[in-house]
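Participant: quick one: sequence plus predicted model below, questions after.
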Amino acid sequence: MSYTERKKNKTGSTAGVRKPFKEVINVSMGDLHTSGLKPLSFVRQVLAACLYPQLVNSSRLPVDVRQRAQRLLGECVGGSIGSYTATAGIPEVVQRISEFITRRDGGVPSSPDNIYISPGSQWCLMNMLKVLVNSESSPRTGVLTPVPSHCTTTSSIVGLGGVIVPYYLTEENGWQLQVEELQRALDSAKGICNPVALYIINPGNPSGQVQSRKSMQEVIQFVRENRLFLLADEVYQDLVYGEHSEFISYKRVLAEMGPPHADTVELASFHSASKGFIGECGLRGGYVELVNLDPAVMKHIHTLFSTDSCAPVLGQMALDLMVNPPQPGDPSYPLDDMEREHIRKTLVHNVKRVSEVLNSLPGFCCQPVEGGAFAFPRLFLPPKAIQKAKEMGMQPDTFYCVRLLEEAGVLILPGCEYGQKEDTHHVRFCILNPQETMEEVLRRISCFHTQFMREVS
Amino acid sequence: MTSMQQVNPRVLGIREPSKLQSLAACVTQEIRQGANKPFKKVIDVSSCDPHRAGMDPVSFVRQVLAVCLYPELLEDKSLPLDVRQRAQTLLGACEGRSVGSYSTTSCGLPLVQKSVAEFITSRDVGVKSRLEDIILCGGSQKAVSMVLHLMASREGRTQTGVLTPAPCPHTLPALLEMCGVKQVLYHLMEDQGWAVDLNEMQRALKAARGHCEPRAIYISNPGNPTGHVQDRETMEELIRFVAAEGLVLLAEEVYQDSVFGHDKEFLSYKKVLFDMGKELSETVELVSFHSLSSPCIGECGLRGGYMEIINMEPEVTKHLKRMLGPYTPPVLPQLALQLMVNPPTPGELSYQTYLQEILHIKTTLSQNAQRAHEFLNALPGMTCQPAMAGVFLFPCLHLPTEMIEEAKMLGVKADVLYCQRLLEEEGVCLGAGCENGQEDQNYHIRLCVLAPPDTLDQVLARLRSFHLRLLSRFP
């Protein structure tokens, strides 16, 4: 059972006990809808009409919704979302994703043959890892992964019999990546494992940094020199808040570097419908775009994806709606634009408030959140707190989170679950919340923190 | 560049998927672009995909799901009240009342787990099912691969083996290869309606030991693609065999709601096991699988299923649940599962429509299966066992030697060549028996008969036309 589940059960088991709070606020997951932000109306209307086509004839729904649903249904075999689709996804949807990628990357060409849709980006990543990681090899296969990083990927690597080769992001520098650190990590793997890939998350999860073009070029140079496969997790590309930050895709940077890099570096970029303004984590829609892979290898990748018939059709459609939102002139545009603007404003505000509140609390230090769904502030815990945690048999940041949950009713996750430098402590919480919820979370954390620090000073 | 040498050998070992379906898609595309073909449209009945063939979805399911997706419809009075009420309940079970949120536990939404447990308890009269034993997932294929992954180990003589039926579901062989598990075939008895032969199973097991370590047996009941329904006696024999040999029983039961054979009845392996007394029911490890791809619901594109774990060690179950991490099941199909196991009941507003729709599907299936069986059996060079359940017919082809030779020359299996030619000449896509693990000299074709009667008639007519033409070429 995951830490989260244990914590939730813990709260549940004290049902009927009086607490200083009415309900638990769960900001432990990167999930837009859990905390109360609304899904995009256009997305939900189109999907509802695809599910129950009788709605297509209803005047209750805007014309462009009905047209889009009709088109999507027409692209499904048998006109139903209940049919299996081609392995890589509905061909027209895959085509439109490739067009989106080209638009996004200022014209860099993208081929639909290199794109696979699957139930979530982690699934695609798993398949790529299956190709790269050989559990029977000696020495074992290594994958360079960032610290901190979310745990699903690291568990997957270990589960496939691979070895994690951690590289540490530099916290004091806004969690930016230093390429010298990549070299150190690679050197540390000598004699232990055979590194074949570099996994990078941009914008970072949980660290929230957005990479500069220069840094990305350095990474590309590094992977080329060391013949590493580049796995670029870019699911938070729509969530960028830093005033001076801008998301550029690895594909674009690679292409613009020209030969020889552009023709040789092997890259897999991952995106998903779970994040961004669309936030449909529960629908399970994600894709991978593959660049510069040997055609013979691509054939086997296709076979691998075929072992699970296809991705959920609704998830595929959600991806289509993500890459092709309503345009100015469309009847749904004003509402859609307003909803996105509202989410964007909310998130920018939240990021500002998180920084203001946490950085004013002694014992907390929060790097600027330039992008992504989370804040990952550092906790400076006095020795007494660390001692107490030890007595309870917990990591110090876990101890903090447990106390926070029990005394203030806020569920956040400890940094030890994401990896951190030894003897440092962090917590992670989601910032994709309505403003009132964010304020309440910050208020409860401040209150608790002050009391807690007094107790352990 | 990552060369073939660097690719994980396990991945290289997975067999390529059948080319027939992509060929069918190509031909469809060509027709769309105006190509001239002797047929207007390709009919693909190679897999169990009722909607593809033209069957309608169950209204209640689609209505409730639509409301869950777009809750504004809760105010829509044109939708029946029970639909809206059910959607309310389901939304209440979702995090943030949205189907767009992750399910917080990797095993799925507790409400759905509970409904599934209640459905199983009610189905298996007298045998209780527990919520904790139910794991929801994105389809039964994924579920099976997770369990296999748990068991799979090593290579060579100590490689894990799984006894699998020949024929088996056409998606299974590649799955086994992906998991690094050796397939140990036990042949079903074609002339006995594809029944299981325990002697054959013992033979297969004995022969396998020494080449691999058999750890489990995969059973499809009702059979996919055979349509065979096992009787209690056979199931009891199998359970005793499994217990004696220390195997894990993997029971794929996706076609349980589509039994139409005269005097035939679906019994779950769990029920039979528990009726055999404590010594067996408390020790035999059983995992049962079910999914939305079941014929009556037919929501294959939603990708949803569940497995029930019986008698697995808690530590092992814990690891299984942990492995589900990257594969959190989508929320909508979980809700669809809840609707499948907990449909409208008599007295509820949607009940009549629901009942009629299900009856229509079952009647169509039963009548189609009978008609198709008679039709195919009457063709020279073809013999077909009657199906008692499920959606497939799996007739045997007695192909002329010259055709078999031709296939050999072209480097394809003869049943694949048959299907390719059928597709090119008549626009009908069937499955080739070799995809179901049937070995050479034993040619079969596979067709799904759950389709609107007119569509099936077209399939049969075109198939006959092609078949007779083929035979006349080789007198």
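Facilitator: Looks like it came in fine. As the structure is a prediction and not an experimental result, all values here were calculated from the model.
Participant: ranges for the strands of the stretch 301-450 of chain B?
Facilitator: Taking DSSP state E, counting those that start in this stretch to define them, one finds strands in the stretch 301-450 of chain B at B:305-310, B:382-383, B:392-393, B:396-397, B:428-429, B:431-432, B:445-448.
Participant: equivalent analysis for chain A, please.
Facilitator: Secondary structure of chain A (DSSP state E): strands at A:25-26, A:115-118, A:141-147, A:163-168, A:194-201, A:229-233, A:267-272, A:286-291, A:364-365, A:374-375, A:378-379, A:410-411, A:413-414, A:425-430.
Participant: mean pLDDT lowest for which of those strands?
Facilitator: Lowest mean pLDDT within those: strand A:25-26, a mean of 89.
Participant: sheet partners, orientation included, of that strand?
Facilitator: Sheet pairing for strand A:25-26, assigned by DSSP bridges, gives strand A:410-411 (parallel).
Participant: show me the contacts for residue A:278.
Facilitator: Listed by Cβ atoms under 8 Å, 6 or more residues apart in numbering or on different chains, the contact partners of residue A:278 are A:39, A:40, A:43, A:318, A:321, A:322. Backbone N, C-alpha and C define where each C-beta goes, glycine included.
Participant: quick one, domains of chain A?
Facilitator: Domain assignment for chain A by the TED database gives A:3-30+A:335-456, A:75-323.
Participant: what about the longest one, how long is it end to end?
Facilitator: The straight-line separation of the ends of domain A:75-323 (Cα to Cα, to the nearest Å) is 17 Å.
Participant: which intervals of chain A have sub-threshold pLDDT?
Facilitator: For chain A, residues meeting the criterion pLDDT under 70 lie at A:1-17.
Participant: so where's the longest helix in it?
Facilitator: Using DSSP state H, we find that the single longest helix of chain A is helix A:333-360.
Participant: does any part of that one sit near chain B?
Facilitator: No: between helix A:333-360 and chain B, judged by Cβ under 8 Å from any Cβ of the partner chain, nothing touches; the nearest distance is 12.2 Å.
Participant: what angle do strand A:425-430 and that helix make with each other?
Facilitator: Counting by axes from the mean of the first three to the mean of the last three Cα atoms, to 10 degrees, helix A:333-360 lies at 160 degrees to strand A:425-430.
Participant: circling back to that earlier point, now, of the domains of chain A, which is deepest in the fold?
Facilitator: Among the domains of chain A, the stretch with the highest mean neighbour count (mean count of other Cβ atoms under 10 Å in any protein chain shown) is domain A:75-323, at a mean of 21.
Participant: before we move on, the earlier item: would you turn the strands of the stretch 301-450 of chain B into JSON lines with mean pLDDT and distance to chain A?
Facilitator: Supplementary listing: the strands of the stretch 301-450 of chain B in JSON lines, determined by pLDDT from 0 to 100; distance: least, Cβ to the nearest Cβ, whole Å:
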{"stretch": "strand B:305-310", "mean pLDDT": "95", "distance to chain A": "12"}
{"stretch": "strand B:382-383", "mean pLDDT": "94", "distance to chain A": "27"}
{"stretch": "strand B:392-393", "mean pLDDT": "96", "distance to chain A": "15"}
{"stretch": "strand B:396-397", "mean pLDDT": "94", "distance to chain A": "25"}
{"stretch": "strand B:428-429", "mean pLDDT": "95", "distance to chain A": "11"}
{"stretch": "strand B:431-432", "mean pLDDT": "94", "distance to chain A": "13"}
{"stretch": "strand B:445-448", "mean pLDDT": "96", "distance to chain A": "12"}
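Participant: now those in JSON lines, with distance to residue B:140 and mean neighbour count?
Facilitator: Shown next, in JSON lines, are the strands of the stretch 301-450 of chain B (distance: least, Cβ to Cβ, whole Å; neighbours: other Cβ atoms under 10 Å in any protein chain shown):
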{"stretch": "strand B:305-310", "distance to residue B:140": "4", "mean neighbour count": "24"}
{"stretch": "strand B:382-383", "distance to residue B:140": "30", "mean neighbour count": "17"}
{"stretch": "strand B:392-393", "distance to residue B:140": "16", "mean neighbour count": "27"}
{"stretch": "strand B:396-397", "distance to residue B:140": "27", "mean neighbour count": "20"}
{"stretch": "strand B:428-429", "distance to residue B:140": "23", "mean neighbour count": "24"}
{"stretch": "strand B:431-432", "distance to residue B:140": "18", "mean neighbour count": "26"}
{"stretch": "strand B:445-448", "distance to residue B:140": "17", "mean neighbour count": "26"}
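Participant: the closest residue to residue B:230 other than its chain neighbours and residue B:382: what is the separation?
Facilitator: Leaving aside its chain neighbours, residue B:230 sits nearest to residue B:221 (4.9 Å; criterion: Cβ to Cβ, 6 or more residues apart in numbering or on different chains). As judged by Cβ to Cβ, to the nearest Å, residue B:221 and residue B:382 stand 26 Å apart.
Participant: what about residue B:259, how many neighbours?
Facilitator: As a burial measure, residue B:259 scores 18 neighbours (other Cβ atoms under 10 Å in any protein chain shown).
Participant: near chain B, which residues of the stretch 201-350 of chain A?
Facilitator: A:229, A:264, A:266, A:274, A:279-284, A:292-294, A:296-297, A:299-304, A:306-315.
Participant: what do you get if the cut-off is 7 Å, keeping everything else the same?
Facilitator: For the stretch 201-350 of chain A, the residues in contact with chain B (Cβ under 7 Å from any Cβ of the partner chain) are A:229, A:264, A:266, A:279-284, A:292-294, A:296-297, A:300, A:303-304, A:306-309, A:312-315.
Participant: ok, residue B:452 to chain A distance?
Facilitator: Residue B:452 sits 11 Å away from chain A, going by Cβ to the nearest Cβ, to the nearest Å.
Participant: hang on, that residue packs against residue B:54?
Facilitator: Yes: Residue B:452 lies in contact with residue B:54 (Cβ atoms under 7 Å); the separation is 4.7 Å.
Participant: show me which residues of the stretch 101-250 of chain B sit near chain A.
Facilitator: B:101-102, B:104-105, B:138-139, B:141-142, B:155, B:171, B:174-175, B:178.
Participant: from those, keep the buried residues only.
Facilitator: The neighbour-count criterion (16 or more other Cβ atoms under 10 Å in any protein chain shown) marks B:101, B:102, B:104, B:105, B:138, B:139, B:141, B:142, B:171, B:174, B:175, B:178 among these as buried.
Participant: so can I have TSV of those residues showing pLDDT and secondary structure?
Facilitator: Listed next are these as TSV, based on pLDDT from 0 to 100; DSSP: H, G, I helix; E, B strand; the rest coil:
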residue	pLDDT	secondary structure
B:101	78	coil
B:102	74	coil
B:104	68	coil
B:105	75	coil
B:138	84	coil
B:139	84	coil
B:141	86	helix
B:142	85	helix
B:171	90	coil
B:174	90	helix
B:175	91	helix
B:178	88	helix
